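1. Sequence first, then the predicted structure:
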Amino acid sequence: YGLVKIIAPKAGETVVVSAASGAVGSAVGQLAKARGARAVGIAGGADKCRYVTEELGFDACIDYKQHADVKSLSAALKAACPNGIDGYFENVGGTIL
């Protein structure tokens, strides 16, 4: 519901998904891709990010463990989402963005 009805991604838009390597996040990213959107994941660790991009097919993944402060995470998001973020699927419930 959150992805399809609230974010409602269109082809060419960018959707960012927290906890992208988990059961819900992985499904959300793949559904966004199926709708023609770019999927950018956020996950904790290089192995999880590699899984998100290589196995799940996300366009990019940000390892939040490599970004200890807001400025660093913001820069990583800008690099991964050069045309901005059209939708954000919050899947953590804690501080990420």
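-> Perfect, thanks for sending it.

2. Give me the residue at the spatial middle of this structure.
-> Central residue of the chain (C-alpha atoms, centre = their mean): residue 41, 2.5 Å from the mean position.

3. helix, strand or coil for that one?
-> Here residue 41 is strand, with the state taken from DSSP: H, G, I helix; E, B strand; the rest coil.

4. so who does it touch?
-> Applying C-beta atoms under 8 Å, 6 or more residues apart in numbering, we find residue 41 in contact with 16-17, 20-21, 25, 29, 49, 52-53, 56, 58, 60-62. C-beta: built from backbone N, CA, C; applies to glycine.

5. do residue 2 as well
-> 28, 89.

6. Over to it: give its phi and psi.
-> Here the main-chain torsion angles of residue 2 (degrees, to the nearest 10) amount to phi -60, psi -40.

7. can you pull the pLDDT of the residue nearest to the centre of the chain?
-> Looking at residue 41, its pLDDT stands at 98.

8. partner residues bridging it?
-> Beta-bridge pairing for residue 41 (DSSP bridges): residue 17, residue 61.

9. just to revisit the earlier point, out of the contacts of residue 41, grab the one that's most surrounded.
-> residue 17 (32 neighbours; other C-beta atoms under 10 Å).

10. Could you check how many residues crowd around residue 77?
-> 20.

11. Pretty sure it sits against residue 84.
-> No. Counting by C-beta atoms under 8 Å, residue 77 does not reach residue 84; the two are 9.7 Å apart.

12. which SS state does residue 36 fall under?
-> Here residue 36 is recorded as coil under three-state DSSP.
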